[in-house]
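# quick one, fold the following:
(chains A, B, C, D, E and F, ligands or ions: 5)
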Amino acid sequence: MLEASNIECVRGERTLFSHVDFRLDGGELLDLQGGNGSGKTSLLRMICGLSAPANGEIRWRGELIGKLGEDYRRELCFLGHHNAIKEELTPLENLLASAKLADEILDAGEALDALEIVGLAGREDLACRYLSQGQKRRVALARLVNERRALWLLDEPYVALDAAAVELIAGLIGAHLQRGGLAVLTTHQTVNIVAGSVRQLRLN
Amino acid sequence: MLEASNIECVRGERTLFSHVDFRLDGGELLDLQGGNGSGKTSLLRMICGLSAPANGEIRWRGELIGKLGEDYRRELCFLGHHNAIKEELTPLENLLASAKLADEILDAGEALDALEIVGLAGREDLACRYLSQGQKRRVALARLVNERRALWLLDEPYVALDAAAVELIAGLIGAHLQRGGLAVLTTHQTVNIVAGSVRQLRLN
Amino acid sequence: MLNLIRAIISRDLRLALRRRADLVSALFFFIIVVSLFPLGVGPEPELLRKLAPGVLWVAALLATLLSLPRLFADDHRDGTLEQLALAPQPLGLIVLGKVLAHWLVSGLPLTLLAPVLGIQFDLSGEALWVLAFSLLIGTPALSGIGAIGAALTLGVRGGGVLLSLLVLPLYIPVLIFGAGAVDAAVIGLGAQAHLSLLGAMMLGGVFFAPWPTAAALRIALE
Amino acid sequence: MLNLIRAIISRDLRLALRRRADLVSALFFFIIVVSLFPLGVGPEPELLRKLAPGVLWVAALLATLLSLPRLFADDHRDGTLEQLALAPQPLGLIVLGKVLAHWLVSGLPLTLLAPVLGIQFDLSGEALWVLAFSLLIGTPALSGIGAIGAALTLGVRGGGVLLSLLVLPLYIPVLIFGAGAVDAAVIGLGAQAHLSLLGAMMLGGVFFAPWPTAAALRIALE
Amino acid sequence: MYWNSFSEFMAMGNHGVYVWGSVGVMAILMLLEPVLLIQSRKNLIARLKRQFRAERSDANTDRKTSPQR
Amino acid sequence: MGNKLINIYRFASPQAFYPLAGKMIPWFWTLAAIFGIAGLYIGFLVAPTDAQQGEGYRIIFLHVPASWLSMFIYLVMAFWAGLGLGFNFRLSGMMASALAPTGALFAFLSLWTGALWGKPMWGTWWVWDARLTSELILLFLYVGFIALQSSIDDPRRADKAGAILALVGVVNIPIIYFSVKWWNTLHQGSSVSLTKSPSMAVTMLWGMLLCALGCWMYSIAVALMRVRSIMLERERHTDWVRAELAEPGEHAGQE
Ligand code: HEM
Ligand SMILES: Nc1ncnc2c1ncn2[C@@H]1O[C@H](COP(=O)(O)OP(=O)(O)OP(=O)(O)O)[C@@H](O)[C@H]1O
Ligand SMILES: Nc1ncnc2c1ncn2[C@@H]1O[C@H](COP(=O)(O)OP(=O)(O)OP(=O)(O)O)[C@@H](O)[C@H]1O
Ligand SMILES: [Mg+2]
Ligand SMILES: [Mg+2]
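Ligands and ions are numbered 1, 2, ... in the order given. Have a look, this model is predicted:
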């Protein structure tokens, strides 16, 4: 479903990587590996379509992602280094707003359930600025609970999470893969995920 | 050297923890544990003197830290969730500026060496905004290479670092402890540090 | 489509309400500038009446200009902008929503307040109407045009000034026609011609500007 | 001690240079405000000459006011402020350094540029001198007083407006004596009295204000 | 030829300052621009050449010093 | 990208254009000198005095070419920029960047000569009328374009951002040109038009046209020179630049 061929990434004057190829099908997890600054985030952004590779092409269901445009974006869920939450809003408001912008249907009840699942029960109505680092990350990750899009792109989701939360997120990813979803993941922690198959791609 | 007795922390209407006591001497590491939102960061900030506990007192070499003021701050090095680096400045400039503000003597040569040690060789002159997440964290941590103050307070230093860098930082902390320093550390990752003794304190 | 725009507007308005600053700051700035002038210039009513259209319009323009850098910067910093760019809808529509929200937060309050301040300057009833109306159709143009500049300078070295440098030339026509309309009303001439030009600018600013803005945002995210 | 202040100033100046924005933005804003007025008000030289002191001083005041929110906000957001508060030196001195840097970046360029803009308004040589001198001693006071407001509103909901609300009443005396000095020179009276009052305000702003500011910063960090 | 004398030409009917001020500035700027361009081009070429030479020597020494991998 | 596009891409490649531009530059310099000298000769030595304005009117031979060129160059610049944005040609972004400083120069000269003309004619250096103001806006637009490009490090991003600005700014050109028609201003209306017979003396018209042609040729020459430098700078990693700069004695591409 997701194919990349001969990708090259150039940042400033530096070629981060080149000749990267991979192919990912339903139920598969791509585990992006590489040290700090090896270009994992850059590759993920290319897969999103946020930036264009210096060379090579990325296809989704056989078509170039640039051509697909909105149809591709409708099947994709990206979580980056930044949490994309507003410090002024409460976790509940954040979750509802991000669902609306992503054109998903989520009612308040579901959102509250999702927040409870990620361990934010009792903090739904506290502005996010008061939350701890890990709790903020949990708000961002609460999106995944009801996310049914085919392709998940997760950039170091486990950062700042405690062991229990890491377990939980790994479980969510596993369930997604078992539903036949695809996921691309970067992380510096070793976490087990139950998946149809895990492909590893090492940058640099 | 560092003693806390009967500390209580209140945030909003919530009592995060109370009756916390510990004592730390030269060469010892305090490993603060607890889930997300259990109050680790809050406790660290109290130890710094940035915020005051709702109850209880913290002493350094037998004296209240509030009383010691500058004399206490001169012996303390705090690294928080935020990197405290400026995106516009280069790693080298950041390191030199933070040393100057902390009233430490650091010449450009030493700074360059420190940056090389944390794996930023070749990026000394690139504005930090272009660095990857882990590289930014490394810039912040480069301070530790030449840091000789007695008390290190590190709030999740390993976040966003790759395995090699985690190893390196753990080594720096170990060396600090072996020199007779003290350290208080929070982290959700399990990392081995060679230390005189490790005390664990579990919040909540 | 309308749904999306509504969602954006309601989110941005809620944020503005939560921050309060955004809601009042443009307004407050406007009041300050307008009321500082009599302080700096002296109290002669004749002079003040002559100054009024210029001062009021310049203040409105500055108030908008100042709120521009934050239009996309917060979303950019915390990663929301990426999510917006990845939303399965045209980015231009999202920008349209943000422009409208910006206007509701900065332009509309100005418009409502301007006549009150105009009284301070001893303007006639007719002139006050024209003032309010010219701001009503002029400020959306300011928001729309400004969005282009805000997007172009997003994350760029020297953003703030550059933004003024880019946007200001495009604002000057709006200023000239806006102040011109009020001036005409003060003198007693018809403000019709000025106002219809302003109207054209508004349509351009609101319905055309979001598209270059969206393109600029995609470039900024690269 | 001087070393510390120097370190702070050089860091802040380097940051300003790197961002460029900070260095030019206050300046550019100043130019814009000053040149927009003739556009909005109309080109009669007689009117403009009367306006000049007020416009120039109000513009300088606004330019300073606008650069205030960023005085500590960036350092707060990225954690640098905590490091500064933990530095083994009195926070007041660090604040003094930041105030001086702020003045070098915003007040000084204004002062240097003001006479050039004054020429546009057809001011006499004498008036130009008084203008420059009044700004030279007035702007440090603006920076110092502003710092208190910036620290008090740090991280507070609605910071921006609140800041203006707090600072403005304190700025108005500076404005009145500053513009008054120039006005006096334009009319041909001596500006001595106004200027010495301004000087007193400057000393207060620079040497007294950093201490309340430091206290406010510690509260903001709690 | 329209003018009677050189001094008349220079005076431009009392508008000499304005006319020659325009001519002068325009001439200076239009001459300055190509001169600056040539200058900066020279600098650029020198810089690039230096850079290429440095890269070549880097490559050479690398090959000499580092053992076959 | 289709094959056809790739062909155009090759054709408009910097590599092919660089030597071509190098050959054209001397020709344009020659033309510029010829037209310029002829125009100035007619304007300053042959043309008779103006009945109303006296000798001061001779500034027209500088002012009008500068004003025209400042507007024309903007259009050309916007054209190249749009081409680059739409089709991703490397060359067009470079052309746009190369034109901007020259355009800014002419906009400045238009203001300068206009101000020096205004003092004797209108008694003031500057009035805030529509044409003068819109010409000032044009200068700001040029400066904004240059500032925007120079504050973005990545040249590809700089090109795209600049292009958007240039295209948006195009609306200003008709405003400048028609400002004298739309508003009654101090500035004098257009006296050269294609439809009406020229209202000014034929010699004066010739002088003006020749000067304008000279400025035009000058602009092309200067823009070509600048674009060559930009090409070298931006393409310094490519083999053709290495070959171009190789000293005669040594091999261009080692390895
Ligand atoms: C700074 C001040 C001035 C600016 C920015 C300016 C701008 C321009 C521009 C853009 C044009 C070319 C547009 C066109 O051909 O229609 C032009 C043409 C012209 N300007 Fe000015 N101008 C200024 C001052 C003056 C003054 C003071 C005079 C004379 C009293 C003057 C006389 C003319 C004339 C005669 C033309 C040619 C119009 C024609 O024949 O088409 N300008 N000016
Ligand atoms: N303008 C530039 N010039 C040179 N190098 C650059 C430039 N911009 C970015 N880089 C480099 O590109 C790389 C970007 O890496 P990226 O963020 O994709 O890394 P990552 O694999 O996600 O790392 P991390 O694990 O730390 O998140 C960094 O090594 C950075 O130094
Ligand atoms: N105004 C408030 N009202 C209620 N609770 C609050 C308020 N402000 C902060 N809190 C709570 O205080 C706690 C702060 O925790 P702190 O940041 O110290 O956690 P932590 O142990 O560092 O967590 P992490 O591992 O996620 O970094 C959070 O649980 C937060 O929800
Ligand atoms: Mg990364
Ligand atoms: Mg924490």
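
# is ligand 3 contacted by stretch A:84-91?
No. Against ligand 3, stretch A:84-91 shows no contacts by Cβ under 6 Å from any ligand atom, the least distance being 10.0 Å. (Glycine included, C-beta is placed from N, CA and C.)

# CA atoms of that stretch as PDB?
These are the backbone C-alpha positions of stretch A:84-91, laid out as PDB (Å, rounded to 0.1, in the frame of the first residue of the first chain):
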ATOM      1  CA  ALA A  84      -0.100  20.100  18.600                       C
ATOM      2  CA  ILE A  85      -2.200  20.900  21.700                       C
ATOM      3  CA  LYS A  86      -3.100  24.300  22.900                       C
ATOM      4  CA  GLU A  87      -2.000  25.100  26.400                       C
ATOM      5  CA  GLU A  88      -5.000  27.300  27.000                       C
ATOM      6  CA  LEU A  89      -7.600  24.700  26.200                       C
ATOM      7  CA  THR A  90      -8.500  21.700  28.300                       C
ATOM      8  CA  PRO A  91      -7.700  18.200  27.200                       C
END
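
# from the chain's centroid, how far away is it?
Taking Cα atoms, centre = their mean, to the nearest Å, one finds the center of stretch A:84-91 at 19 Å from the center of the full chain.

# what about it, average pLDDT?
For stretch A:84-91, the mean per-residue pLDDT is 90.

# buried residues, that stretch. List them.
A:84-91 (16 or more other Cβ atoms under 10 Å in any protein chain shown).

# intersect these with the contacts of chain E.
With the criterion set as Cβ under 8 Å from any Cβ of the partner chain, no member of the buried residues of stretch A:84-91 is near chain E.

# if we look at ligand 4, which of these are close to it?
Among the buried residues of stretch A:84-91, no residue sits close to ligand 4 (Cβ under 5 Å from the ion).

# give me the subset of those residues lying in strands.
Using DSSP state E, no member of the buried residues of stretch A:84-91 falls in strands.

# which SSE is immediately downstream of the helix or strand harbouring F:Leu148?
According to DSSP states H and E, F:Leu148 maps onto helix F:130-150. The first helix or strand that comes after helix F:130-150 along the chain, using DSSP H and E, is helix F:155-169.

# quick one, that next one and helix F:130-150 angle?
170 degrees (axes from the mean of the first three to the mean of the last three Cα atoms, to 10 degrees).

# close to ligand 2, is helix F:155-169?
No. Judged by Cβ under 6 Å from any ligand atom, helix F:155-169 makes no contact with ligand 2; its nearest approach is 10.7 Å.

# mean confidence score for that helix?
Per-residue scores along helix F:155-169 average to 91.

# can I get that helix as PDB, trimmed to CA atoms?
Output in PDB follows, covering the C-alpha atoms of helix F:155-169 (Å, rounded to 0.1, in the frame of the first residue of the first chain):
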ATOM      1  CA  PRO F 155      17.100  29.100  -1.800                       C
ATOM      2  CA  ARG F 156      14.300  26.900  -3.000                       C
ATOM      3  CA  ARG F 157      12.100  28.100  -0.300                       C
ATOM      4  CA  ALA F 158      13.300  31.700  -0.800                       C
ATOM      5  CA  ASP F 159      12.300  31.500  -4.500                       C
ATOM      6  CA  LYS F 160       8.800  30.200  -3.800                       C
ATOM      7  CA  ALA F 161       8.100  32.700  -1.000                       C
ATOM      8  CA  GLY F 162       9.400  35.600  -3.100                       C
ATOM      9  CA  ALA F 163       7.300  34.500  -6.000                       C
ATOM     10  CA  ILE F 164       4.100  34.600  -4.000                       C
ATOM     11  CA  LEU F 165       5.000  38.100  -2.800                       C
ATOM     12  CA  ALA F 166       5.900  39.300  -6.300                       C
ATOM     13  CA  LEU F 167       2.600  38.000  -7.700                       C
ATOM     14  CA  VAL F 168       0.500  39.500  -5.000                       C
ATOM     15  CA  GLY F 169       2.300  42.800  -5.500                       C
END
